[in-house]
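Trainee: Give me a model of this one.
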Amino acid sequence: MRRLRNVKIVATLGPASSDYDTIRALFEAGADVFRLNMSHGTQDDIAARHAIIRKVEADTGRPIAILADLQGPKLRVGTFAEPQELEVGQRFRLDLDPADGDATRVCLPHKEIFAALAPGETLLVNDGKIRLKVEDCGPDFADCSVVVGGTISNRKGVNVPDVVLPLAALSEKDRSDLEFACQLGVDWVAMSFVQRPEDMIEARELTRGRAAVLAKIEKPAAVKSFDEILKVSDGIMVARGDLGVELPVQAVPPIQKRLIRMCRAAAKPVIVATQMLESMIESPVPTRAEVSDVATAIYEGTDAIMLSAESAAGKFPIEAVKTMDHVAISVERDTIYREVVEASRRADRKTVADAIVAAAREVAETMNVKAICCFSQSGTTVSLVARERPRAPIIALTPLQTTARRLCLTWGTHCVLTDEQYRFKGAVISAVRAVLKYGFAVETDQILVVAGVPFNVPGTTNILRVAPCEERLIYRSEPE
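Mentor: Residues are numbered from 1 along each chain as shown. Down below sits the predicted model:
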């Protein structure tokens, strides 16, 4: 099950991909991480899919990461007796009256929005298809003029791009789902509606280290506070759907590029998500524009690319994963890819670990070693090596199943569970056996081993060794 690419593929599960055979086929086609969308289905549905993934993991002998994506607060208008057509220039009121709406008004049952609004600000309805400008507002109403008209109907979503809303990122449903997901044993939790670093701090406190926490960047406020959000997050998702609604669409590509580079500099994984192969929901082949979009994210150095409805509800979920796999392999074999990745490498090195992993990459390229083998408890060493984007494959060896699973989201990593190591000599033997077993090297090759001494202490990356693969013969009596 060795992947022939470095970028990882995240596949969302849903009605089209909820049985063992399909999930296993998705994994074999190239999915490295499975996303469980907490917005759809019951907790029992989520638990059933989680159990199937773990069975696939056991049957294939390869760690698989599971990402639980929390719904977040949903801002929606109320109901109408019948759909209404809003015309440009007309007045339209949003208020707290729960009565059915008409051509002049509708309920917006979120008093927090009214508290944050000011005249001149914008409200977007139905994924931005309708644009309203606030002319006057108070604690229980907003009188608006219609800037872009269209049909408005029951419970259409509302976006407020101009302000930071006084809303917690975690609703009561999210709190319940987060605790459920942590008890279930997911590896990553994705936070929706993140506006400020405090949203991520609260989520980290609730997870208590039971899962890594990933921030979805889908609001302008999150883009403005990204430096601080990144510091308190374990990973990032560039959620381009809502981001493209609340910001001009032409602003999204530069933001995507900038966020990817900042995540890489921080050695934290980043996922590019939303509408990557949208046409494959109905078609067995993607459009050329979609293939170009996927390729662009890979050229930019993202850790992972994600399928949403394509794998969750589409007609061709396995074909969508295979398409991403083929595009990734093709891009990464392009000489320009390597030029772009290496040109974007930052040389801001402040610690012994930074120096060790930089040296590992340079030695690997100079001596043409076949793999960089990293022993890690927390995954930090592996993340630092991945930040360098080396040409040699990264073998992540850890005795902790939770670490192996979380690292499945990190660029270029092949995760291997191993026994705890107490001596460096034993670590070398374990590394050699792993590269031979998974076909990364033969006995005439050399590998690099990166580790921290003393062993089993997080944050002690301090040793680098070039090892011949026949070393397993020299120390054949050494316990693994």
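Trainee: Tell me where the stretch 251-400 of the chain is predicted with low confidence.
Mentor: Along the stretch 251-400 of the chain, the model assigns pLDDT under 70 to residues 347.
Trainee: can you pull out the helices in it?
Mentor: In the stretch 251-400 of the chain, the helices defined using DSSP state H, counting those that start in this stretch lie at 252-265, 288-299, 309-312, 317-332, 335-343, 352-367, 380-387.
Trainee: and the second one, what does it pack onto?
Mentor: Yep, that's helix 288-299 we're talking about. Using 3 or more C-beta pairs under 8 Å, 6 or more residues apart in numbering; DSSP states H and E, the elements in contact with helix 288-299 are helix 252-265, strand 304-307, helix 317-332, helix 335-343. Every C-beta, even on glycine, is put in place using the N, C-alpha and C of the backbone.
Trainee: now the helices of the stretch 251-400 of the chain as CSV including mean neighbour count?
Mentor: Below are the helices of the stretch 251-400 of the chain laid out as CSV (neighbours: other C-beta atoms under 10 Å):
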stretch, mean neighbour count
helix 252-265, 18
helix 288-299, 18
helix 309-312, 26
helix 317-332, 21
helix 335-343, 13
helix 352-367, 17
helix 380-387, 26
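Trainee: how about these in TSV, adding distance to Ala29?
Mentor: Below are these laid out as TSV (distance: least, C-beta to C-beta, whole Å):
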stretch	distance to Ala29
helix 252-265	25
helix 288-299	15
helix 309-312	10
helix 317-332	4
helix 335-343	22
helix 352-367	29
helix 380-387	23
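Trainee: So for Phe193, which of the ones you listed sits nearest?
Mentor: Among those, the nearest to Phe193 by C-beta to C-beta is helix 252-265 (17.2 Å).
Trainee: pull the CA atoms of that closest one into CSV?
Mentor: Extracted in CSV, the C-alpha atoms of helix 252-265 (Å, rounded to 0.1, in the frame of the first residue of the first chain):
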residue,chain,number,x,y,z
VAL,A,252,-9.4,33.5,-2.8
PRO,A,253,-6.5,32.1,-4.9
PRO,A,254,-3.9,34.5,-3.3
ILE,A,255,-5.2,33.8,0.1
GLN,A,256,-4.9,30.0,-0.5
LYS,A,257,-1.3,30.4,-1.7
ARG,A,258,-0.4,32.6,1.3
LEU,A,259,-2.0,30.3,3.9
ILE,A,260,-0.4,27.2,2.5
ARG,A,261,3.1,28.9,2.8
MET,A,262,2.4,30.0,6.3
CYS,A,263,1.3,26.5,7.4
ARG,A,264,4.4,25.0,5.8
ALA,A,265,6.7,27.5,7.6
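Trainee: How far off centre is that helix?
Mentor: Centroid separation between helix 252-265 and its chain, computed with C-alpha atoms, centre = their mean, to the nearest Å, is 13 Å.
Trainee: and the angle for it with helix 335-343?
Mentor: Between helix 252-265 and helix 335-343, the angle comes out at 60 degrees (axes from the mean of the first three to the mean of the last three C-alpha atoms, to 10 degrees).
Trainee: Can you name every helix or strand that helix 252-265 contacts?
Mentor: If you count contacts as 3+ C-beta pairs under 8 Å, 6+ apart, helix 252-265 packs onto helix 226-231, strand 235-239, helix 240-246, strand 270-273, helix 288-299.
Trainee: Give the buried residues for stretch 303-316.
Mentor: For stretch 303-316, a neighbour-count test (16 or more other C-beta atoms under 10 Å) marks Asp303, Ala304, Ile305, Met306, Leu307, Ser308, Ala309, Glu310, Ser311, Ala312, Gly314, Phe316 as buried.
Trainee: Could you export those as CSV, including distance to Val382?
Mentor: Listed next are the buried residues of stretch 303-316 as CSV, based on distance: C-beta to C-beta, whole Å:
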residue, distance to Val382
Asp303, 12
Ala304, 15
Ile305, 20
Met306, 21
Leu307, 24
Ser308, 27
Ala309, 31
Glu310, 29
Ser311, 26
Ala312, 29
Gly314, 33
Phe316, 33
